[in-house]
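A.B. asks: Turn this into a model:
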Amino acid sequence: MTLTLYGHPLSSFTHKVLVAMYELGLDFDFRLVDLGQPEERALMGRLSPMGKMPALRDDQAALSVAETSVIIEYLDRGHVLIPQGAAGREVRIWDRIFDMHVQGAMQPIVDARLFMDKAAEPGVTAHSRAALDRAYADIERQLTPHESERPAGEGWIAGRFSLADCAALPALFYAGILHPFADHPHLSAYFERLIARPSAARVLDEAKPWLHMFPFHDLVPARFR
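C.D. replies: Model prediction:
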């Protein structure tokens with residue numbers, strides 16, 4: 001097998017790459033990494049500059065690739081998920097929004113629960129919820145055809161299904177558990193389309209045996225357990 005993806009079934013950024021690989025129909029091995037083990041951390045340190053998952057190893061090319069968007073661009077030789085030209089620029093913008101402003105706002109809530117003093121958690125959570133509210137409002141506007149500069153296309157965030165939607169699935173899955181977006185109807189409908197997509201449904205199904213490790217497992221909707 002020439003391609004090996006190193007990651008974890010609970011890792012949101014691993015989910016992003018898995019959705020893309022399933023969309024592209026790629027043949028690959030999945031190598032589960034336990035960052036709680038020193039030798040596994042050392043392995044990821046050799047594969048990725050920051051030692052973070054996921055990372056891709058292409059044995060045929062003798063190459064390791066890190067960072068989710070770069071991994072997907074490396075794999076997307078036919079421009080299936082990242083179109084060229086102006087459409088590709090829009091896809092990259094929304095990819096960054098989901099990674100930085102949805103995932104990036106959600107993660108401090110988890111980190112506060114796992115690593116911070118209990119007294120810090122309410123303040124961190126309030127700040128993150130406010131940031132998520134801003135991101136949700138922007139996504140809602142993008143998905144509302146009469147308010148958007150561009151029609152909603154096929155119902156995906158930037159027209160056809162793309163890198164941006166691969167990023168959206170794990171970002172909205174975990175953020176929606178911690179700060180629901182039910183009062184945003186277009187965003188809510190978009191999320192339902194996402195989780196019904198076969199590639200995304202497969203990723204979420206593979207995550208089920210591991211969700212008990214999520215520190216807010218009690219908030220995970222029953223349909224995902």
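
A.B. asks: for the chain, which spans come out with low pLDDT?
C.D. replies: Under the criterion pLDDT under 70, the flagged ranges of the chain are 1, 146-154.

A.B. asks: Scan it for its longest helix.
C.D. replies: Criterion DSSP state H: the longest helix present in the chain is helix 121-143.

A.B. asks: Dump it to CSV, restricted to CA.
C.D. replies: Taking C-alpha atoms only, helix 121-143 is exported to CSV below (Å, rounded to 0.1, in the frame of the first residue of the first chain):
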residue,chain,number,x,y,z
GLU,A,121,-13.8,27.3,32.1
PRO,A,122,-16.8,29.7,32.2
GLY,A,123,-14.8,32.6,30.8
VAL,A,124,-13.2,30.6,28.1
THR,A,125,-16.5,29.0,27.1
ALA,A,126,-18.3,32.4,27.0
HIS,A,127,-15.6,33.8,24.7
SER,A,128,-15.7,30.8,22.4
ARG,A,129,-19.5,30.8,22.2
ALA,A,130,-19.4,34.4,21.1
ALA,A,131,-16.9,33.6,18.4
LEU,A,132,-19.0,30.7,17.2
ASP,A,133,-22.0,32.9,17.1
ARG,A,134,-20.2,35.2,14.7
ALA,A,135,-19.0,32.3,12.5
TYR,A,136,-22.5,30.7,12.5
ALA,A,137,-24.0,34.0,11.3
ASP,A,138,-21.5,34.3,8.5
ILE,A,139,-22.1,30.7,7.4
GLU,A,140,-25.9,31.3,7.5
ARG,A,141,-25.5,34.3,5.2
GLN,A,142,-23.4,32.3,2.8
LEU,A,143,-26.1,29.6,2.7
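
A.B. asks: what helices or strands is the very next helix or strand once past that helix leaning on?
C.D. replies: Using DSSP states H and E, the next helix or strand after helix 121-143 towards the C-terminus is helix 163-178. Judged by 3 or more C-beta pairs under 8 Å, 6 or more residues apart in numbering; DSSP states H and E, helix 163-178 is in contact with helix 12-24, helix 68-75, helix 85-96, helix 104-115, helix 185-196, helix 198-207. The C-beta positions use only the backbone N, C-alpha and C, and glycine is treated the same way.
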